[in-house]
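Colleague: Dropping the sequence and predicted coords here.
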Amino acid sequence: MSSTELPGVRSTAELSSQVGAVRVAEGEQLRTTVLPGLELAVRVRPPLRTGLPPALFVHGLGGSSQNWSDLMARLADTVDGEAVDLPGFGWSPPPADRDYSVTAFARAVIRHLDAAGRGPVHLFGNSLGGAVSTRVAAVRPDLVRTLTLISPALPELRVQRSAVPTALLAVPGVAALFNRLTQGMGAEQRTRGVTALCYGDPSRVTPEGFRNAVEEMERRMALPYFWEAMTRSSRGIVDAYTLGGQHGLWRQAQRVLAPSLLVYGGRDQLVSYRMAHKAAAAFRGSRLLCLPEAGHVAMMEYPEAVAAAFRELLSDTGTGESDRYTEDGRG
């Protein structure tokens, strides 16, 4: 899955129209990486000082790089952070080949890192992004300095009932049915539903945060490829769950060499809390942070706890210093 890209090469992909205004938090920037057949929006949080090691954050199904804003702000004194919008999500248009598999997403992350020359990075992944990041770390260990997974979407034998509707999106025709059944739902109602599903305590969402989420939901629903990205990505997760042998996600977890931090929420309705210890056993030498009150997006509910655990990982493993930059930022 390695790749070499020439910086500045324009993509030949047909770009779908974007709607709405770009929202970036104070101190953030949004830029675009364009590669053949692939265009990625990248949210950048400049570090508080030069010479900090690079980090890349990968969101989950239906999410975007905005999911990482709070955590990136808290780690601006520790890493040089970027959060990517996976193809078809956030501000990234669909991939030219319409491939939304976990492998294709991992390939997109690898191509971005190869083209930017930022590796090895501290790699973070949530949910679908956790599966993607696991695959990246397994097949390209040279690109990953540490691995932090928050409720990673790794195969479960007994899927939680609350996760069934998401899995059903992978069934042909179900997405169109969902669309018809929910046509009367506005962006605010949909956002409340997503918040109730993803947060352990929805009251932790601030009024401003909820307004921003509704605005983003309105923008996403207006995109012509909204349901395509959701359904094909859901199908990609289901397909990844069925893979065996060396391509199986649990087998790849065992191949990860980077020091790993695993974060699980006790109130997660999408990834079972009971998977935490299985994951800790699969990732060699990993450490486990269990947050009993957190839901599926601990980096949004408890960013301070996740940031503290990550700093502890760096301190204990000696992976916090960049081997590519000196303190004054010169190579």
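Modeller: Everything's here; your move.
Colleague: Which parts of this protein are helices?
Modeller: Secondary structure of the chain (DSSP state H): helices at 69-74, 102-116, 128-139, 164-168, 174-181, 187-198, 207-221, 226-242, 249-255, 276-282, 298-301, 303-317.
Colleague: closest to residue 35 out of these?
Modeller: Set against residue 35 and scored by Cβ to Cβ, the helices of the chain come closest in helix 102-116, at 5.7 Å. Any C-beta I mention is one placed from the backbone N, CA and C, and that applies to glycine too.
Colleague: Switch the helices of the chain over to TSV; also include mean neighbour count and mean pLDDT.
Modeller: Formatted as TSV, the helices of the chain follow (neighbours: other Cβ atoms under 10 Å; pLDDT from 0 to 100):
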stretch	mean neighbour count	mean pLDDT
helix 69-74	22	96
helix 102-116	22	97
helix 128-139	28	97
helix 164-168	15	47
helix 174-181	13	46
helix 187-198	17	91
helix 207-221	16	91
helix 226-242	20	89
helix 249-255	18	96
helix 276-282	17	95
helix 298-301	25	97
helix 303-317	17	96
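Colleague: Reformat these as JSON lines; add distance to residue 35.
Modeller: Listed next are the helices of the chain as JSON lines, based on distance: least, Cβ to Cβ, whole Å:
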{"stretch": "helix 69-74", "distance to residue 35": "23"}
{"stretch": "helix 102-116", "distance to residue 35": "6"}
{"stretch": "helix 128-139", "distance to residue 35": "16"}
{"stretch": "helix 164-168", "distance to residue 35": "29"}
{"stretch": "helix 174-181", "distance to residue 35": "28"}
{"stretch": "helix 187-198", "distance to residue 35": "30"}
{"stretch": "helix 207-221", "distance to residue 35": "23"}
{"stretch": "helix 226-242", "distance to residue 35": "19"}
{"stretch": "helix 249-255", "distance to residue 35": "24"}
{"stretch": "helix 276-282", "distance to residue 35": "32"}
{"stretch": "helix 298-301", "distance to residue 35": "27"}
{"stretch": "helix 303-317", "distance to residue 35": "29"}
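Colleague: Ok, which of those comes nearest residue 89?
Modeller: So among the helices of the chain, helix 226-242 is nearest, using Cβ to Cβ, at 6.1 Å.
Colleague: If you compare the directions of that closest one and helix 102-116, what angle comes out?
Modeller: Here the directions of helix 226-242 and helix 102-116 differ by 100 degrees (axes from the mean of the first three to the mean of the last three Cα atoms, to 10 degrees).
Colleague: Compute the inter-axis angle for helix 226-242 and helix 128-139.
Modeller: Here the directions of helix 226-242 and helix 128-139 differ by 50 degrees (the same axes, to 10 degrees).
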